[in-house]
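Novice: 3D model of this:
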Amino acid sequence: MTPGTEPPQIPEDPVEKAWHIPALLALFGLCLLPELVLSGADWGLWGSPRWRMRALQYAGFWAGLLDNWRPHYALQPGTMFLTYGFLHAGALHFAVNMATLFSLGPSLIGRFGQRWFLLLYALSILGGAIGFALLSSQVQPMVGASGALFGLAGAHVGLHARERRHTKDTLVPVAKAVLGLMALNLVLWWAMNGQLAWETHLGGFVAGWIAAVVIDRRLGPL
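Specialist: As a prediction, the model looks like this:
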C-alpha cells in the first residue's frame, strides 16, 4: 500500500444491512395477529369482549395445570410453555414489548443469524415459563413476551460478560447491568401493585444468558 493512502471502502450492501428484518417481523406478526383480533373484540368492532378471557384460558400459562387442574385440551399443559409468549394483556402491554423486541433483537441477529436468534428466543420463552412454574404461586394466568425479552437482555449481558472475561477486564459493568435489571423489576412490581411476573423475567434472563453463551461458543472463538 502506498504511504498515505487509505484502503478502498467496501460499500454497505443494503440487503445485508436489513437481513435481520424477517426474524423480527415473524415474531412481531405472531404477537400482532392475536392482539389485533382481541383488541378489536375489546373495542366492540367484532366478536365478543369475552374473547380475550377465552384466549387466556386456552393459551395463557396457568401454573395450576401442572398440578391438578383440568386442561381445556389434552396438550395444553405442554403447549402453554410457548403460547403464553405470543399473547398479551392489552394493546399497551403489546406495544411496550414489541418496542423492546426491536430494540434488543437486531444486534443479536447480526451476531448469531436468524435461525440461532429464533432458537435463543424460543429457549427464553421456555425459560420464562419454567421460572414462573417453579417460583410463582399465582392462580392468575401469565402472558406476554417479556420472558423472551428478558432472555434477550440476558443474552446481551452474558455475551458482554464472556467478552470481558476473555480480555480479562473487570466484570463491574456486568454486575451493574444485572443490578439495573433487578431495580427495573422492583420498580415495575411496585408500580403494578405486585402484579408482575418477575419469576418469568428471571427464568427468561437466565435461559437467555446460558443459551447465548452456548450458541456463541458453537459459532466460533471470540
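Novice: Return the set of buried residues in stretch 117-130.
Specialist: Buried residues in stretch 117-130, counted by 16 or more other Cβ atoms under 10 Å: 117-118, 120-130. C-beta coordinates here come from the backbone N, C-alpha and C atoms, glycine included.
Novice: Pick out whichever of those sits closest to Pro106.
Specialist: Phe117 (9.5 Å; Cβ to Cβ).
Novice: Figure out the helix or strand that that closest one lives in.
Specialist: Applying DSSP states H and E as the criterion places Phe117 in helix 114-135.
Novice: now the angle from the next helix or strand after that helix to helix 114-135?
Specialist: As assigned by DSSP H and E, the chain's next helix or strand after helix 114-135 is helix 146-166. Helix 146-166 and helix 114-135 are oriented at 110 degrees to each other (axes from the mean of the first three to the mean of the last three Cα atoms, to 10 degrees).
Novice: Where in this structure is the helix or strand with the lowest mean pLDDT?
Specialist: Sorting the helices and strands of the chain by mean pLDDT, DSSP states H and E puts helix 14-17 at the bottom, at a mean of 44.
Novice: Report the buried residues of the helix or strand following that one.
Specialist: Moving toward the C-terminus from helix 14-17, the next helix or strand (DSSP H and E) is helix 21-42. Buried residues in helix 21-42, defined by neighbour count with 16+ other Cβ under 10 Å: Ala23, Leu24, Leu27, Phe28, Cys31, Pro34, Glu35, Val37, Leu38, Ser39, Ala41, Asp42.
Novice: Now render those as TSV, adding distance to Gly220 and pLDDT.
Specialist: Listed next are the buried residues of helix 21-42 as TSV, based on distance: Cβ to Cβ, whole Å; pLDDT from 0 to 100:
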residue	distance to Gly220	pLDDT
Ala23	20	93
Leu24	24	95
Leu27	25	97
Phe28	29	97
Cys31	32	98
Pro34	38	97
Glu35	38	98
Val37	42	97
Leu38	43	97
Ser39	43	97
Ala41	48	97
Asp42	48	95
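Novice: Right, I'll leave it there.
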